[in-house]
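Participant: Return a 3D structure for these sequence lines:
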Amino acid sequence: TVYADLVSQDDTDLDAEVTEPSGEVTLKPLPALQRRKGLTSIRGGLATISSALSFVLDGVSREDLMDYLRAEFPDYRDSSHRTLINILKNEFYVVREEDGVFTPTDRGELLLETSDPQDLVPLFLTRILGVDHVLLALSKEPLTTGELVSLLKRVNPGWTTEFSPRAMLKWLRDFELLSEEAGVYHLTESG
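Facilitator: Numbering: from 1, shown residues only. Next up, the predicted model:
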C-alpha cells in the first residue's frame, strides 16, 4: 500500500548516519520541516528510558507496558502513560511495536548494552529541530540560558514559552553534549 511504502517507517528507515564506500561515516539530516519540533520532557530522563528498555527486553504487550508505567508513575493519567510510550517509540526510537508486542530497537539494545547516551546523538542531530543549531552556536562561544532559549524559539517559532527550549537544553545536558555553570552553557568534549 502507499502508506506502508511511503509513510510507515521501521527502524532501518531512521538511519541517521550513512557509511560511504570510503568507510567515512556522515550524518544524514532530515529537512527542517520533517524534523520533530523538540524533545519532550519526561520525569527521570535517561533513567526512565533505560528502565523501560529493560522492562521490554524480552517483549511485552501494550497492557503490560501500561501496567509497568502505572507502577512507575502512579500519579500520571493513562493518557500520560500512552504519551511516554509514544516518546519511547517515536521520539527516541528505542522501542518498537510489532503485532502488539513491544521490544527494544537496535538503538534501544545498544543503549542498554553500553549505557552510553552518545549512541542516540546522531539521531538527535538529524531528526530533532534545534539540536544542531545549539551545538553550532556553542561551538563559536559560550551562551547564557536566555540566549539559547531565544535561539531555540527562533528556530521553532511556535514555541511561545520557555518550557520546550529549556526541556531540550536539559536533554542535551543529560546526553552530555552541554555543560552549564551559573547559567552559561558550554560544549562538552562530546558536544
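
Participant: list the contacts for the one residue sitting closest to the centre of the chain?
Facilitator: Note on the chain: the residue nearest the mean C-alpha position is F92, at 3.8 Å, using CA atoms, centre = their mean. Applying CB atoms under 8 Å, 6 or more residues apart in numbering to F92 gives the contacts 49, 107, 120, 123. To be clear about C-beta, it is placed using only N, CA and C from the backbone, and glycine gets the same treatment.

Participant: Spatially, which two of those are the most separated?
Facilitator: Taking CB to CB, the two most distant members of the contacts of F92 are I49 and L123; they sit 12.7 Å apart.

Participant: which residues of this protein fall in helices?
Facilitator: In order along the chain, the chain carries the following helices (DSSP state H): 2, 45-56, 62-72, 78-90, 106-114, 121-127, 131-140, 145-155, 163-174.

Participant: neighbours around H81, how many?
Facilitator: Burial of H81, expressed as a neighbour count using other CB atoms under 10 Å, amounts to 18.

Participant: Surely it is in contact with Y68?
Facilitator: No. Checked against CB atoms under 8 Å, the pair H81 and Y68 is beyond contact range at 9.1 Å.

Participant: show me where pLDDT drops low in this protein?
Facilitator: Where the chain drops to pLDDT under 70, the residues are 1-26.

Participant: before we move on, back to that, dump the contacts of F92 to JSON lines, plus distance to L88 and neighbour count.
Facilitator: Output for the contacts of F92, formatted as JSON lines (distance: CB to CB, whole Å; neighbours: other CB atoms under 10 Å):
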{"residue": "I49", "distance to L88": "7", "neighbour count": "24"}
{"residue": "R107", "distance to L88": "11", "neighbour count": "21"}
{"residue": "L120", "distance to L88": "12", "neighbour count": "22"}
{"residue": "L123", "distance to L88": "13", "neighbour count": "20"}
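
Participant: Would you format the residues you listed as TSV with distance to A137 included?
Facilitator: As requested, the contacts of F92 are arranged in TSV below (distance: CB to CB, whole Å):
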residue	distance to A137
I49	26
R107	27
L120	21
L123	20
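
Participant: Looking at those, spot the one nearest L129.
Facilitator: Proximity of those to L129, judged by CB to CB, is greatest for L123, which lies at 12.9 Å.

Participant: how much space is there between the closest one and R154?
Facilitator: Applying CB to CB, to the nearest Å, the value for L123 to R154 is 23 Å.

Participant: Pull the contacting residues for R107.
Facilitator: Each residue near R107 by CB under 8 Å, 6+ apart is listed here: 11, 92-94, 119-120, 123.

Participant: wait, which of those residues is closest to L177?
Facilitator: Within the contacts of R107, proximity to L177 (CB to CB) peaks at L120, which comes in at 10.6 Å.

Participant: Before I go, just wanted to say thanks for your time.
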